[in-house]
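**Q** what's the 3D shape of this:
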Amino acid sequence: MSVALFHDIGVGLFVASGATAAGAIANSLIPQWPRIVRLALGEIELPLQVSDGISHPSTNGSRHQRIQKQGHS
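**A** Numbering: from 1, shown residues only. Coordinates of the predicted model:
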């Protein structure tokens, strides 16, 4: 009886982990699906530059320069 119980628990854990993995894969692919289809149809994307997403203290949008513009030190 205990062997069957351990078998059932093992199968249940295996199925649950498989469902969790499938859900994680689906959640990561679903938002990207339109992009995947566009790329598969041959639409070319322009590469992003690293500087597009990173603000640098020497740029005009930095926190330090905004504070200086407001008159604070």
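**Q** now the longest helix along the chain: mean pLDDT?
**A** Among the segments of the chain that qualify as a helix by DSSP state H, the longest is helix 2-29. In this model, helix 2-29 has a mean pLDDT of 94.
**Q** what's the next secondary structure element after it?
**A** With elements assigned by DSSP states H and E, the helix or strand that comes after helix 2-29 is helix 33-40.
**Q** let me see the mean pLDDT of that next one.
**A** For helix 33-40, mean pLDDT is 91.
**Q** which residues sit against it?
**A** With contact meaning Cβ atoms under 8 Å, 6 or more residues apart in numbering, helix 33-40 is reached by Leu29, Glu45. From N, CA and C alone the C-beta is placed, and that goes for glycine too.
**Q** hmm, back to that, what angle do the longest helix of the chain and helix 33-40 make?
**A** 70 degrees (axes from the mean of the first three to the mean of the last three Cα atoms, to 10 degrees).
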